[in-house]
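1. just need the structure, nothing else, for what follows:
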Amino acid sequence: MTQSLGIYDPIFYAQEALIQLEKALGMAGRVHRGYDAERKAFGKGQTVSIRKPSTFTAENAPSSAQDLETESVDITLDQWKEVKFSLTDKELAWSDERIISEHIRPAAIALADNIDQALCAKYKDIPWYYDLANNGSTALSDITGVYKVLFDNKVPVSDIGNLHYMVDGNLQLGLQGLTAFNQAATAGQAGLETLMRGSLGTKFGMEIFANQNVPLHTGGVCADVAGALNANAAKGATSIVVKSITNGGTFKAGDSLVITGDTQRYAITADATVDTTVTLSITPPLKAAALADAVVDLRIDTHRANLAFHRNAFALATAPLSEMGAELGAKIATITDPITGLAIRSRIFYVGDSSAVKVALDILYGVKTLDPNLACRGCGQS
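-> Numbers count the residues shown, from 1 in each chain. Prediction:
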């Protein structure tokens, strides 16, 4: 019996792909997610405005009502990713379940992995760090140290379920070997889960999860890491000019610095080469004005960027893609999760020249750092 292409429902594929996408999200499943509920479709390069979570200040009572107008953040949808494959005549005779398991699920996982890598790369915006033991043994301080940095930075550590610690394979290996993780006497049921499944669970208020996408930061190369401001820098500035550094050095996006007299650390956001002076782009913007000749201490090193963060440190925005091609013979469906805003499109179309049925899954998204002070790097061995 001839198999009819009509059984291949793009809505069904999109729904299944969205389910698999949400299951596979690593860091992306643990950050703030927003979307524009009004527009039906977007294109690459367009901007979506999402609502940033509110913050409040406790005041002496009785007080005036605080404004509930949540700040909006613009995120550029600059990532349009796709997985496309062909179904052969033999595969067209398969059941939907087999196509889902052998093609749709791996395609959705590949898209989820791409999103995860984009978010992991945002570590470069985080100026705060804690150096892990890196001496061949892992210590509990590799957890409590980054937690202390978050605590000292006034991160809401009591916000249960929204504090996470992304670790690489080396740190995961060390933590799995600690009795605090692998023995029921000290870790309870979570210890059994570590032994049976390798999961690390929640420790010291942070959900600890291993991620194969933890990036390696390669720092700049400069013999001199102490300079001074070349001129006064105004509050809110996003770049500073530094002098008194030996010529010939380089700084990389993701290196960091601190200015004497300012308790805020800053991350360098663009590569720079030292001449007589060097202009460094920074995040966050300067918290306070700084005077010329203020000492600037820079940190340049290579490390594995494990990352502890609050959910509101980063944001992921996805947007629905157009279904216009459905009017031209293709079968197209875009599915959006009304709660998370995640959107994915599936397309099925016949290519006459090659007698092949093409199936494509694609997603349009953008990522952004909302508040670099809500995260801390755990600098591990490279």
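2. so which elements touch the longest strand along the chain?
-> Among the segments of the chain that qualify as a strand by DSSP state E, the longest is strand 356-369. Applying 3 or more Cβ pairs under 8 Å, 6 or more residues apart in numbering; DSSP states H and E, we find strand 356-369 packed against helix 10-24, strand 72-76, strand 79-87, helix 105-120, strand 314-319, strand 343-351. Bear in mind the C-beta positions are built from the backbone N, C-alpha and C, glycine included.
3. tell me how far the residue nearest to residue 273 when sequence neighbours are not counted lies from residue 222.
-> Nearest non-adjacent residue to residue 273, counting by Cβ to Cβ, 6 or more residues apart in numbering: residue 250, 5.3 Å away. According to Cβ to Cβ, to the nearest Å, residue 250 and residue 222 sit 6 Å apart.
4. please enumerate the shared neighbours of the two.
-> Residues within reach of residue 250 and of residue 222 at once, by Cβ atoms under 8 Å, 6 or more residues apart in numbering, are residue 274.
5. between those two, who's got more neighbours?
-> Shown here are residue 250 and residue 222; by other Cβ atoms under 10 Å, residue 222 has more neighbours (20 against 15).
6. roughly how far does the more buried one sit from residue 228?
-> 15 Å.
7. go on, residue 34?
-> For residue 34, the distance to residue 228 - Cβ to Cβ - is 41 Å.
8. neighbour-wise, which of these two wins?
-> residue 34 (22 against 15).
9. beta partners for the residue lying closest to that one once chain neighbours are set aside?
-> Excluding its sequence neighbours, the residue lying closest to residue 34 (Cβ to Cβ, 6+ apart) is residue 50, at 2.9 Å. Residue 50 forms beta bridges with residue 73, as assigned by DSSP bridges.
10. need the pLDDT of residue 50.
-> For residue 50, the pLDDT comes out at 76.
11. I'd assumed residue 143 was in contact with residue 206.
-> Yes - Residue 206 is in contact with residue 143 according to Cβ atoms under 8 Å; the separation is 7.0 Å.
12. the two: who's more crowded?
-> residue 143 (27 against 23).
13. is it fair to say the more buried one lies in a helix?
-> Yes - assessed by DSSP: H, G, I helix; E, B strand; the rest coil, residue 143 belongs to a helix.
14. report the separation between it and residue 119.
-> From residue 143 across to residue 119, the span is 21 Å (Cβ to Cβ).
15. quickly list the domain ranges of the chain.
-> Domain assignment for the chain, taken from automatic domain parsing, gives 5-52+72-122+315-358, 127-215+305-312+374-380, 219-301.
16. okay, those in a markdown table with distance to residue 367 next?
-> As requested, the domains of the chain are arranged in a markdown table below (distance: least, Cβ to Cβ, whole Å):
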| stretch | distance to residue 367 |
| --- | --- |
| domain 5-52+72-122+315-358 | 5 |
| domain 127-215+305-312+374-380 | 13 |
| domain 219-301 | 14 |
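17. one step back: who touches both of residue 206 and residue 143?
-> With Cβ under 8 Å, 6+ apart as the test, residue 206 and residue 143 both reach residue 165.
18. show me what the nearest residue to residue 11 once chain neighbours are set aside is bridged to.
-> Nearest non-adjacent residue to residue 11, counting by Cβ to Cβ, 6+ apart: residue 333, 4.1 Å away. With DSSP bridges applied, residue 333 shows beta-bridge pairing to residue 346.
19. ok, residue 333 - contacts?
-> Going by Cβ under 8 Å, 6+ apart, the list of residues near residue 333 reads 9, 10, 11, 13, 14, 323, 345, 346.
20. wait, the fifth one sits on residue 342?
-> Put plainly, it is residue 14. No - judged on Cβ under 8 Å, residue 14 makes no contact with residue 342 at a distance of 11.2 Å.
21. gap between the residue nearest to residue 34 and residue 10?
-> Counting by Cβ to Cβ - residue 50 and residue 10 are separated by 27 Å.
22. and residue 351, what does it touch?
-> Per Cβ under 8 Å, 6+ apart, neighbours of residue 351: 86, 357, 358.
23. could you dump those into CSV with neighbour count added?
-> Listed next are the contacts of residue 351 as CSV, based on neighbours: other Cβ atoms under 10 Å:
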residue, neighbour count
86, 12
357, 19
358, 15
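24. residue 128: which of the residues you listed is nearest?
-> residue 358 (46.4 Å; Cβ to Cβ).
25. can you get me a residue count around residue 202?
-> Applying other Cβ under 10 Å, we find 15 residues neighbouring residue 202.
26. what's the answer for residue 235, then?
-> 10.
27. how about residue 97?
-> By other Cβ under 10 Å, neighbour count at residue 97 equals 9.
28. how close does it sit to residue 105?
-> For residue 97 relative to residue 105 (Cβ to Cβ), the value is 11 Å.
29. same check, this time on residue 306
-> Counting by Cβ to Cβ - residue 306 and residue 105 are separated by 29 Å.
30. repeat for residue 338
-> Taken as Cβ to Cβ, the span from residue 338 to residue 105 is 23 Å.
31. ok, now residue 287?
-> 46 Å.
32. looking at residue 50 and residue 10, which one has more neighbours?
-> Comparing residue 50 with residue 10 by other Cβ under 10 Å, the one with more neighbours is residue 10, at 24 against 21.
33. wait, isn't that one in contact with residue 344?
-> No - taking contacts as Cβ under 8 Å, residue 10 lies outside contact range of residue 344: 10.9 Å.
34. quick check, residue 124 in a helix?
-> Yes - the assignment for residue 124 is a helix, going by three-state DSSP.
35. and the contacts of stretch 163-172?
-> Contacts for stretch 163-172 (Cβ under 8 Å, 6+ apart): 26-27, 30, 120, 132, 138, 142-143, 146, 150, 155, 157, 175, 198, 200, 205-212, 214, 304, 306-311, 378, 380-381.
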